[in-house]
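Engineer: no FASTA, just this:
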């Protein structure tokens, strides 16, 4: 039996909250990411933005674009460019399956979160299909209804 100390420690760095609002997430995948030393130091300070980022395939490899990791403040002339293209690491079978699904019309890959898993930086990607305006309103209405139900149940328990 695994002890609690064997469980991987997850430390969030950044999350893309708009991704779940803008897209209907069909599948998720955890990937590694190729970074330079100053990028990791900047991430350890908790600096990153996934707001406008996306992932795409090029020659069978997966890349993350527009993820903004600011320059490391204590860095020197060898600092990294903030919005460079970064290679993502995953198993070949997973990549080929996702590449087939991305070729469908209206399906895209969006990063959901960036986090440290033990000492490694991981990216959680989502395979998403864009939501229409009425879908967004419906999701918001469902969330509001659930909140009201929970409030009514709590009130009933109290009195």
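Structural biologist: Received it, and whenever you're ready, just let me know what you need. Remember, it's a predicted structure, so these values are computed and weren't measured experimentally.

Engineer: contact partners for residue 17?
Structural biologist: If you count contacts by Cβ atoms under 8 Å, 6 or more residues apart in numbering, residue 17 has none. To be clear about C-beta, it is placed using only N, CA and C from the backbone, and glycine gets the same treatment.

Engineer: what's the answer for the one 4 residues further on, then?
Structural biologist: Contacts were defined as Cβ under 8 Å, 6+ apart; by that measure residue 21 touches 131, 136, 139.

Engineer: could you do residue 29 as well?
Structural biologist: By Cβ under 8 Å, 6+ apart, residue 29 lies in contact with 90, 94, 98, 124-127.

Engineer: mind doing that once more with 7 Å?
Structural biologist: Going by Cβ atoms under 7 Å, 6 or more residues apart in numbering, residue 29 touches 90, 94, 98, 125.

Engineer: which stretches of the protein form helices?
Structural biologist: Counting by DSSP state H, the chain has helices at residues 17-22, 37-44, 92-102, 133-158.

Engineer: can I get these in a markdown table including mean pLDDT and distance to residue 58?
Structural biologist: Output for the helices of the chain, formatted as a markdown table (pLDDT from 0 to 100; distance: least, Cβ to Cβ, whole Å):
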| stretch | mean pLDDT | distance to residue 58 |
| --- | --- | --- |
| helix 17-22 | 80 | 21 |
| helix 37-44 | 82 | 20 |
| helix 92-102 | 89 | 10 |
| helix 133-158 | 85 | 30 |
